[in-house]
Structures are given as C-alpha cells and as structure tokens.
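1. Return a 3D structure for these sequence lines:
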Amino acid sequence: MSSLTDLCRYPIVQAPMAGGASCPQLVTAVAEAGGLGFLAAGYKTADAVRREVREVRGATGGAFGVNLFMPQPALADPGVVAEYGHRLAGESASYDTPLGDPTGADTSDGYEAKVAVLLEEPVPVVSFTFGCPTRDTLDAFARAGTYTIVTVTTAEEARDAQWAGADAVCAQGIEAGGHQSTHEDDPQADHTGIGLLSLITQVRETVQMPVVAAGGMMRGAQIAAALTAGADAVQLGTAFLACPESGAHPLHKQALTNPLFVRTALTRAFSGRPARGLVNRFVRDHDPYAPAAYPQVHHLTSGLRKAAAKAGDAEAMALWAGQGHRMARELPAGELVELLAEELRTAGLRSEQ
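-> Numbering: from 1, shown residues only. The predicted structure is shown next:
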C-alpha cells in the first residue's frame, strides 16, 4: 500500500463534493496535474459509482479516490419532518413542483453495495464521511491495497478512526463548505465546530497518523500554513467548484463571487444536517425551522432545489461554499493545481527568509 505522500506529486487533494461537482472530468484533470482527485459517491447508486470509477481509470493513470457516506441512524421524528414540509408548501407552489417523500429515505445511502464495488474494483484511496467504518471494513480495504481516510471534526473522532484502523484522517475545520462531517449529528453542537488550525494541532497531539487538512483554503499560502501546523496534505473543495471541469451548476459557480452573496452560514435548511453554504433567500426563510433530520430533509427538498436551478433562481439552491468562496478562480483544474503548487513553493521560500 502506498503512503499518502507517494500517491501524488503535490500535497493537494480535491474534495469529494457530492451533488455532481466532483465528476469524472474534474477528478481526471486534478489527477493528471499531480493532485489527488476524489469522486463523490454520495447520493449515487453502486452501479453509477462503478461506471465513474471505470471512466476515471480509463482516462488517467494518476491517483484518485472515492468518498463514501456512512449509514445514518433513522432517528428523525416523522412529525417534525412533516411539519417542516408544511412550512415548505409555499416553495412547492412557487416552483410548481411537489415536495419529495422523506418516509422512504435510504439512511444507508447504499453503503454496503458501494463498499462491495470498491472491493471488487479497488481504487487507490477511499474516504468516509459522517462516521467511521468498522475495523473489518477498513481491514478489507487494506487487503485490497486501498488507502483509507476518515473525515473527522474533533480529536476524539480522530482517535476513533485510529483505533478502527484507518490509514489517515481528514481534519475538517468549521470553515469548510458543504456538510460538516461530524460522526454524530447533535443539534446542541451546532455552530460549535473547531477552526482548522486549532483542529490540526489537536488531532496531531491525539493520534499518530497522517492528517489531511480541510476547511476554507483557496491559496497556496493557506496550504503552507496548514502544512506548517502539522498537516501532511490539504483538501480543497470550493477552490475547484468554479473550474470548467466541475459539474457544479453554472449558477452555483457564478454565485461564489457574486456580490449578492456576501457570506456563508451553517444551515440545516436543505438537508437536515449542518452544511455551510452561501446565505440566500431559502436559508434566511427556512433555516430557523429546519429540523435535525438527515437525509429525510435532503429528499424532501430535492425537487425544489432542482426546480430552482431549472428556473435560473439561485435563491433556492443549495450553494455549498467554504468561507473563502470570494477567492474562487475560474481556471482549468490542472492549471489551478499547478498555480496552488507554485504559490505553496513561494510561501515556503518566504518562510525561509
């Protein structure tokens, strides 16, 4: 099994952004440029994951990985979810589209089937979000020659990942765009996440394993800061959203630097789990009432989000973005990897002077 630093030329990882952004074209471009590209398996079928893995493997010899969502406990109160659905009735009427049915939501996201695919057709790296796999699963990937990374938001979660046998952890700071990858969805812990630099240090002092840092980074100098703090590599998501190869919706790409969207916030409004996105009308109107009910709320609002995108209305789309979104650059992914690497080298030279 290769080490993390052996897998790619630069310590730059493209984050697995679920919802279509992390498509094979983006992953291939990052891998070809010497970074580590990541396919997002969340919300996809096992067959779709298999097809995308084969597509990337046929397009590049570079390293890439696949990210899996861990199964979630079915704890949501149906009554609370139904009440939130009633609050969204006006949205349903405005976009002339029905709300999704949350009662049949698959809380496992097809996890076991996707694990089976990735053991049948091993990829260099597999990472996990929303929890930690069992030792048996991690051991199976080790036997297949796959490097495993567990996303964590606290030092305690990192310790659990080390005990379970993961090869590395991805320390996700509160600055990160998209879903917070907490292992337990505790509403009382909302907005209490740890900033990236502090988290890197806490994780470093708790576990003896490689650390990938994630959270709001958009420039090479920020990468240098994370590496200096103790990270072995960094993971960037929002920085790659605006790339032409990204599968993100054009309105999402434009919104990153649109002066109408001046800030981000953690919200449960779209999915029922805390996720950082650009504050738009939907967030302002519905975040105060959104329940802790993932993935039920995700399925409830799925049609609305698609209808808003089709109507060209970014005010009701889930515009996931990290705190550094205003620094997004519309560059081809390969050029962005090279530019980040050059900025990293320049920052290193400055630190030595």
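2. what are the ranges of the strands in the stretch 201-350 of the chain?
-> 211-214, 233-236, 264-267, 275-278 (DSSP state E, counting those that start in this stretch).
3. Longest helix in this protein, please.
-> In the chain, with assignment by DSSP state H, the single longest helix is helix 333-352.
4. wait, doesn't Ala311 sit right on Thr97?
-> No: Ala311 is beyond contact range of Thr97, at 9.6 Å (criterion: Cβ atoms under 8 Å). All C-beta spots, glycine's among them, are computed from the backbone N, C-alpha and C.
5. Output the lowest-mean-pLDDT helix or strand in the chain in CSV with nothing but the alpha carbons.
-> Using mean pLDDT, DSSP states H and E, helix 333-352 stands out as the lowest-scoring helix or strand of the chain, at a mean of 88. Output of helix 333-352 as CSV, limited to C-alpha atoms (Å, rounded to 0.1, in the frame of the first residue of the first chain):
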residue,chain,number,x,y,z
ALA,A,333,-8.4,22.3,-12.8
GLY,A,334,-5.0,21.4,-14.0
GLU,A,335,-3.9,25.0,-14.1
LEU,A,336,-5.3,25.6,-10.6
VAL,A,337,-3.3,22.7,-9.2
GLU,A,338,-0.1,24.0,-10.7
LEU,A,339,-0.9,27.5,-9.5
LEU,A,340,-1.6,26.4,-6.0
ALA,A,341,1.7,24.4,-6.0
GLU,A,342,3.6,27.4,-7.2
GLU,A,343,2.0,29.6,-4.5
LEU,A,344,2.9,26.9,-2.0
ARG,A,345,6.5,27.0,-3.2
THR,A,346,6.6,30.8,-3.0
ALA,A,347,5.2,30.8,0.5
GLY,A,348,7.8,28.2,1.6
LEU,A,349,10.6,30.4,0.2
ARG,A,350,9.3,33.4,2.1
SER,A,351,9.2,31.4,5.3
GLU,A,352,12.8,30.5,4.9
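6. Flag every buried residue along that helix.
-> For helix 333-352, burial by neighbour count (16 or more other Cβ atoms under 10 Å) applies to Ala333, Gly334, Leu336, Val337, Glu338, Leu340, Ala341, Glu343, Leu344, Ala347.
7. Three-state assignment for the closest residue in space to Ala59 that isn't next to it in sequence, please.
-> Distances taken as Cβ to Cβ, 6 or more residues apart in numbering place Thr28 nearest to Ala59, at 4.4 Å, with adjacent residues excluded. Put simply, Thr28 is helix when judged by DSSP: H, G, I helix; E, B strand; the rest coil.
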